[in-house]
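J.: just coords:
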């Protein structure tokens, strides 16, 4: 799947225009723009830390869903995402991942608490 449509691709190619960060963000070529006070490397490390804090098995599963589903047309991609999602859910329920995660969440003293 292409990140930009044919119109934008033609515009950029035919005009040889420079695509600055704000336009690249608008077009979906970037996820974010760092501030002048934040280096790209520092922000990349922050994002890697956020990803690394998640359950590695689930990250791998989501990565597979996005890769496989994204390489198909919309109808078949969504169907494949549903199939993989259900398979991943059933595996998580049966391998103890869900119960372990719930127990860790409940036991986390730093988690937000309801004031009700």
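T.: Everything's here; your move. Model, not experiment: these values are computed from the prediction. Numbers count the residues shown, from 1 in each chain.
J.: kindly list the longest helix within this protein.
T.: As assigned by DSSP state H, the longest helix anywhere in the chain is helix 74-94.
J.: where along this protein do the helices fall?
T.: Taking DSSP H as the criterion, the chain carries its helices at 6-15, 21-27, 40-52, 56-70, 74-94, 97-107.
J.: so can I have JSON lines of those showing distance to residue 34?
T.: To be clear about C-beta, it is placed using only N, CA and C from the backbone, and glycine gets the same treatment. Shown next, in JSON lines, are these (distance: least, Cβ to Cβ, whole Å):
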{"stretch": "helix 6-15", "distance to residue 34": "23"}
{"stretch": "helix 21-27", "distance to residue 34": "9"}
{"stretch": "helix 40-52", "distance to residue 34": "5"}
{"stretch": "helix 56-70", "distance to residue 34": "23"}
{"stretch": "helix 74-94", "distance to residue 34": "31"}
{"stretch": "helix 97-107", "distance to residue 34": "31"}
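J.: before we move on, back to that, what's the angle from the longest helix of the chain to helix 56-70?
T.: 160 degrees (axes from the mean of the first three to the mean of the last three Cα atoms, to 10 degrees).
J.: what helices or strands is helix 74-94 leaning on?
T.: helix 56-70 (3 or more Cβ pairs under 8 Å, 6 or more residues apart in numbering; DSSP states H and E).
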